[in-house]
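A.B. asks: need the 3D shape of this:
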Amino acid sequence: MTTTAAPIATTSSSTDLSLTRLYLLRAGYLFMGGGLALVKWPLLGDAHTMPLYEGVTLCLLTAMSLLALVGLKLPVAMLPVLLLEVTWKLIWLGLVALPASRAGDLDPAMSEVLVNCSFVVVIIAVIPWRHVWRAYVRAGGARWR
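C.D. replies: Take a look at the predicted model:
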């Protein structure tokens with residue numbers, strides 16, 4: 001008995017992006033996922049000894065890196081991971097870093113986070129914003145009833 005595998009269905013959301021755009025997205029996922037993997041994964045063995053919120057942050061960022069690495073294979077499907085990354089960093093920059101900077105209250109730890117969060121410009125640059133608008137904003141959504 002022989003079986004043939006059904007071809008993988010492609011959605012219109014993945015075919016409306018050029019191959020160049022998909023590779024740019026993959027570069028963004030590699031930048032984010034690879035960078036977090038290099039910095040955060042080596043710390044996982046000590047997670048149980050960290051203060052509560054440092055351990056929580058480590059685990060959250062490790063999960064984000066894993067999902068970003070999945071984005072190498074599924075760049076369009078994993079766009080919400082990049083959107084989450086951009087959203088939390090812009091909120092932190094606007095509500096924490098900017099007021100502290102204006103008040104002259106940037107300590108070394110906050111300055112380090114500020115520098116790390118500033119790399120979000122790379123992610124902002126690779127996100128296909130026209131596609132995001134069409135797929136998440138203009139498209140509406142599933143019916144509630």
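A.B. asks: hey, let's count contacts and neighbours off CA atoms from now on
C.D. replies: OK.
A.B. asks: look up the closest residue to Leu66, ignoring the ones flanking it.
C.D. replies: Gly33 (6.5 Å; C-alpha to C-alpha, 6 or more residues apart in numbering).
A.B. asks: the one you found touches Ala63, doesn't it?
C.D. replies: No. Counting by C-alpha atoms under 8 Å, Gly33 does not reach Ala63; the two are 9.4 Å apart.
A.B. asks: can you tell me the element the spatially most central residue of the chain falls in?
C.D. replies: A centroid search over the chain (C-alpha atoms, centre = their mean) returns Leu82, at 3.0 Å, as the residue closest to the centre. Assigning secondary structure by DSSP states H and E places Leu82 in helix 79-92.
A.B. asks: return the set of buried residues in that helix.
C.D. replies: If you call a residue buried by 16 or more other C-alpha atoms under 10 Å, then helix 79-92 has these buried ones: Leu79, Val81, Leu82, Glu85, Val86, Lys89, Leu90.
A.B. asks: of the residues you listed, closest to Met110?
C.D. replies: Closest approach between these and Met110, by C-alpha to C-alpha: Lys89, at 13.0 Å.
A.B. asks: tell me the contacts of the closest one?
C.D. replies: Neighbouring residues of Lys89 by C-alpha atoms under 8 Å, 6 or more residues apart in numbering: Cys117, Val120.
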